[in-house]
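Pasting a predicted model and its sequence here:
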Amino acid sequence: MKPARRLLQLAALWAALALPLIWLDSSALNALWWALGALVLCIALLDGWYLHRQPPPAARRLLPSALSVQQPHPVRIQVRSDSLPAGTLLADHHPGDDPHTGLPCLLTPSDQELTELTYTYRPSRRGPTRFGDLEFWLPGRLGLWQARKVVPATCNVPVYPDFSRLNASGLDASHTFLFSGTRLQPRRGEGMEFHQLREYHAGDSLRQIDWKATARRRTLISREYQDEQNQQILLMLDGGRRLAMPVGNLTGFDHALNAALLLAWSALKQKDKAGAMLFSADQPRWLPPVQGQHGINHLLNGLYDLHPSEHASDFILAARQLLKHSRRRALVVLVTRLQQEDRDDLLSAVTLLRKHHLVLVADMLLPEQQQLARSEVKDFDSALQVCADAQEQQERQQLHTRLRHAGALVTATTPQNMPAQLNHLYLMLKRSGRL
């Protein structure tokens, strides 16, 4: 409990009344001054006693069950109006990574049964985040004191990657390939699964006609096939320090994780299995392949709290660990940012993985480097930057060539384009029968 401004003003006024008593030697005035001070003290103590006995307001906080990083979320605080004095100050102990919530603020009791306050919280980091208690500063009946009342409301809420892009990114697994501008390769017959029988359509090949069903129904009946299902996608996420660099409002690892999760969602939608492995991190993690639309929740819960470490990336060890977990043929998608010193280790890792899996290396390009390659050379310093970047890009292309010769598929794109690029390549490989 602390004194309010009104009590401080009364104390200052009482002290100011003592100034004339210095020159007026009057015992009666001195007694009156002391009596006035005693009266103010008694009133203040009585107001403080009533305020101390007052219970905290009946309040609760309403939160979403899960949050998304860098996305605003409404937080509602409901207080019973009959337990809320006018002029109450509310301070919610929300996580401190968002300074723009507008709290603390004054509450005015509503005419309704509940007084509700809604503010916006935008988490800046993935992982579990903690909301503390609700803190109220209640005024006394006479406005002489303010008392701190705490309502227990501590809770932990998971902050997931921004998965809202599923609806906004256009990554429809069944239509993405139509807009890619790439001609589909013919499907292999052994890579197809029978789906259903249907009436013959113009353009169907003779090999599709089911002659037994045609004889029974006395009309041409064709077999309809679908892409082979129950295949595996294994996502290898580089948890080393090379993806810890900031890219916009997120880190490179956040972008890599978003791309991996979107690819996993696409694979699950195609009724394939998707698993994930984090390597070179403080706590390496392995999530076995799962299937079904609900499998994305399993992957989200297993990956949402991951962050890059300060370790160097060890690709050979990662390849050995993956082969210990799974030797069944799968599409292994390695998401990292390649560097020239990775050549020997990465080539050895690809050679190991190629014995059992189809390997796709996704190399993350920095947007700043893409802009630098197109920038205008104005002075000597900018010329040095452009030359250094051109040399690095040339070495990167040479490494890509070596990886392709080793049997790996390689794609290089910016973080913003990586989700769509990986999804496009996955669908191409699936429809070509290479999985």
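Received, thanks.

where's residue 365 relative to residue 418, distance?
Applying Cβ to Cβ, to the nearest Å, the value for residue 365 to residue 418 is 9 Å. (Each C-beta comes from the backbone N, C-alpha and C, glycine too.)

Have a look at those two and say which one is more surrounded.
Counted by other Cβ atoms under 10 Å, residue 365 and residue 418 do not tie: residue 418 has more neighbours, with 24 against 18.

can you tell me how far the more buried one sits from residue 362?
Distance of residue 418 to residue 362, given as Cβ to Cβ: 6 Å.

Please apply the same query to residue 383.
31 Å.

So what's the gap between stretch 55-69 and the chain middle?
Centre-to-centre, stretch 55-69 and its host chain are 20 Å apart (Cα atoms, centre = their mean, to the nearest Å).

Same question for stretch 143-161.
Remark: stretch 143-161 is offset 24 Å from the chain centroid, using Cα atoms, centre = their mean.

what's the first-to-last distance across that stretch?
Stretch 143-161 has an end-to-end distance of 47 Å (Cα to Cα, to the nearest Å).

how about that stretch: buried residues?
144, 145, 146, 147, 149, 151, 153, 157, 158, 159, 160, 161 (16 or more other Cβ atoms under 10 Å).

Tell me the confidence at the first one?
We note a pLDDT of 93 for residue 144 in this prediction.

wait, what's in contact with it?
For residue 144, the contact set (Cβ atoms under 8 Å, 6 or more residues apart in numbering) comprises 3, 4, 6, 7, 10, 43, 44, 47, 48.

Save the residues you listed as TSV, and put in distance to residue 356, pLDDT and secondary structure too.
Output for the contacts of residue 144, formatted as TSV (distance: Cβ to Cβ, whole Å; pLDDT from 0 to 100; DSSP: H, G, I helix; E, B strand; the rest coil):
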residue	distance to residue 356	pLDDT	secondary structure
3	74	92	strand
4	73	92	coil
6	78	91	helix
7	78	92	helix
10	83	91	helix
43	84	94	helix
44	80	93	helix
47	78	92	helix
48	76	92	helix
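
about what we covered before: quick check: neighbours shared by residue 418 and residue 362?
Each of 256, 259, 335 lies in contact with both residue 418 and residue 362 under the rule Cβ under 8 Å, 6+ apart.

So which of residue 383 and residue 362 has more stuff around it?
Taking neighbours as other Cβ under 10 Å, residue 383 and residue 362 compare with residue 362 leading, 26 against 11.

Correct me if wrong: that one contacts residue 333.
Yes: contact criterion Cβ atoms under 8 Å: residue 362 and residue 333 qualify, at 6.1 Å.

Overlap of the contact sets of those two?
Common contacts of residue 362 and residue 333, defined by Cβ under 8 Å, 6+ apart, comprise residue 422.

Return the set of buried residues in stretch 405-419.
406, 408, 409, 410, 411, 412, 413, 414, 415, 418, 419.

contacts for it?
Contact with stretch 405-419 is made by 165, 169, 171, 247-248, 250, 252, 255-256, 258-259, 262-263, 335, 347, 350-351, 354, 358-367, 370, 396, 400, 403-404, 421-422, 425, 429, as judged by Cβ under 8 Å, 6+ apart.

List the ones among those residues that fall in strands.
In this view, these that belong to strands under DSSP state E are 247, 250, 335, 358, 359, 360, 361, 362, 363, 364.

Specify the beta-bridge partners of the last one.
Looking back up the chat, that one is residue 364. residue 413 (DSSP bridges).

do the same with the first one
With DSSP bridges applied, residue 247 shows beta-bridge pairing to residue 250.

Looks like it contacts residue 370 (just checking).
No: in this structure residue 247 lies outside contact range of residue 370 using Cβ under 8 Å: 11.7 Å.

Looking at these two, which has the bigger crowd around it?
For the pair residue 247 and residue 370, the greater number of neighbours falls to residue 247 (19 against 14), based on other Cβ under 10 Å.

Report the contact partners of the more buried one.
Contact analysis of residue 247 by Cβ under 8 Å, 6+ apart lists 254, 255, 366, 367, 415.

how much space between it and residue 259?
Using Cβ to Cβ, residue 247 is found at 12 Å from residue 259.

quick one: which of the buried residues of stretch 143-161 sit in strands?
Taking DSSP E as the definition of strands, the buried residues of stretch 143-161 contribute 145, 146, 147, 149, 151, 157, 158, 159, 160.

Which of the helices or strands spans residue 385?
In this assignment (DSSP states H and E), residue 385 forms part of helix 380-405.

Highest neighbour count among the shared contacts of residue 418 and residue 362?
Ranked by neighbour count (other Cβ under 10 Å), the shared contacts of residue 418 and residue 362 have residue 259 at the top, with 28 neighbours.

I figured that residue hits residue 425, correct?
No: the criterion here is Cβ under 8 Å, and residue 259 misses it with residue 425 at 11.4 Å.

Can you give me the pLDDT of residue 221?
Residue 221 is assigned a predicted lDDT (pLDDT) of 85.

do residue 228 as well
54.

cool, residue 14 as well?
Model confidence at residue 14, given as pLDDT, is 91.

ok, it to residue 139 distance?
Per Cβ to Cβ, residue 14 is found 21 Å from residue 139.

buried set for stretch 43-58?
The neighbour-count criterion (16+ other Cβ under 10 Å) identifies 44, 47, 48, 51, 56, 57 as the buried residues of stretch 43-58.

same deal with stretch 99-111?
Buried residues in stretch 99-111, counting neighbours by 16+ other Cβ under 10 Å, are found at 101, 103, 107, 109.

Please apply the same query to stretch 274-291.
With burial defined by 16+ other Cβ under 10 Å, the residues of stretch 274-291 counted as buried are 274, 275, 276, 277, 278, 279, 280, 281, 286, 287, 289, 290.

and what of stretch 354-368?
So stretch 354-368, judged by 16+ other Cβ under 10 Å, has buried residues 357, 358, 359, 360, 361, 362, 363, 364, 365.

Which one of the residues you listed is nearest to residue 88?
Distances from residue 88 to these, taken as Cβ to Cβ, are shortest for residue 364 (50.0 Å).

what sits against the closest one?
Going by Cβ under 8 Å, 6+ apart, residue 364 touches 243, 252, 255, 256, 335, 336, 337, 412, 413, 414, 415, 418.

same check, this time on residue 21
Residues near residue 21 by Cβ under 8 Å, 6+ apart: 29, 30, 33.

Ranking by neighbours, what's the top pick from these?
With neighbours taken as other Cβ under 10 Å, the top of those is residue 33, carrying 17 neighbours.
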